[in-house]
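Asks: Following is a predicted model, sequence given first.
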Amino acid sequence: MERSKQIMDALEALLREQGFDVQPDGRLDEHPGVNMLIPLQEDGTELVFAELHFITGPQGFDVIQLYTTLVGELQPQAAAETAKAIAVWNQDLLLGAFALRDDRQLYHRYCLTVPRSLAPGQAAALALDAFSFILGQIAEYHGDALLLASGTTFEALCAMD
């Protein structure tokens, strides 16, 4: 079995053990992956869509891209306000960054480098640790992102804090 498939199968199993409803993502054979809807709150609310994909890297390491959509569709004014917030939020993030895709979608992206010296199970565990940390980061900002998406201005959001 190819290393990419071994790692992603191991990661899928770890995510399932954590209770995530994981779906294999076979859109690109060269980048095997999984995707899932994840509740950010213990009561099962504030769902985000996450995708994890394997990318073969250069000399000695590979990459697992962790891509999470926080808001799928922003109106133009909300996108402008969200862009202001992103500039501030990204200063505090330890892993990855928030960005806008096509000025409509708010997402977070992080590319985890995985040394090829790690066994597939170790690589999957490393990815799960990074993903868990990132979900904690995202949860801190998701409520504000939803307010911005609903029309709150960045200035009004700052005044709320």
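Replies: In hand now; what should we look at?
Asks: Tell me which strands the host helix or strand of T68 pairs with, and in which orientation.
Replies: In this assignment (DSSP states H and E), T68 forms part of strand 61-71. Here strand 61-71 has these sheet partners by DSSP bridges: strand 47-55 (antiparallel), strand 105-115 (antiparallel).
Asks: what comes into contact with stretch 55-66?
Replies: By Cβ atoms under 8 Å, 6 or more residues apart in numbering, the list of residues contacting stretch 55-66 from outside reads 3-4, 7, 11, 30-31, 50-54, 96, 108-117, 123, 127, 130-131, 134. C-beta here means a position set from N, CA and C on the backbone, and glycine is covered the same way.
Asks: ok, of these, which come out buried?
Replies: 4, 7, 11, 31, 50-54, 96, 108, 110-112, 114, 123, 127, 130-131, 134 (16 or more other Cβ atoms under 10 Å).
Asks: Now do the residue most central in space within the chain against P76, distance only.
Replies: Nearest to the mean C-alpha position of the chain, counting by Cα atoms, centre = their mean, stands T68 at 2.9 Å. Computed with Cβ to Cβ, to the nearest Å, the distance linking T68 and P76 is 23 Å.
Asks: in the least confident helix or strand in the chain by mean pLDDT, what counts as buried?
Replies: Within the chain, no helix or strand scores below strand 33-39, which has a mean of 74 by mean pLDDT, DSSP states H and E. By neighbour count on 16+ other Cβ under 10 Å, the buried set for strand 33-39 is 33-36, 38.
Asks: Name the nearest of these relative to M160.
Replies: I38 (25.3 Å; Cβ to Cβ).
Asks: Tell me the bridge partners for the closest one.
Replies: Counting by DSSP bridges, I38 forms beta bridges with V48.
Asks: helices or strands next to whichever helix or strand K84 is part of in the packing?
Replies: K84 is part of helix 76-92 when elements are defined by DSSP H and E. Helices and strands touching helix 76-92, by 3 or more Cβ pairs under 8 Å, 6 or more residues apart in numbering; DSSP states H and E, are strand 97-101, helix 120-149, helix 154-160.
Asks: if you compare the ones you listed, which one is most tucked away?
Replies: helix 120-149 (a mean of 18; mean count of other Cβ atoms under 10 Å).
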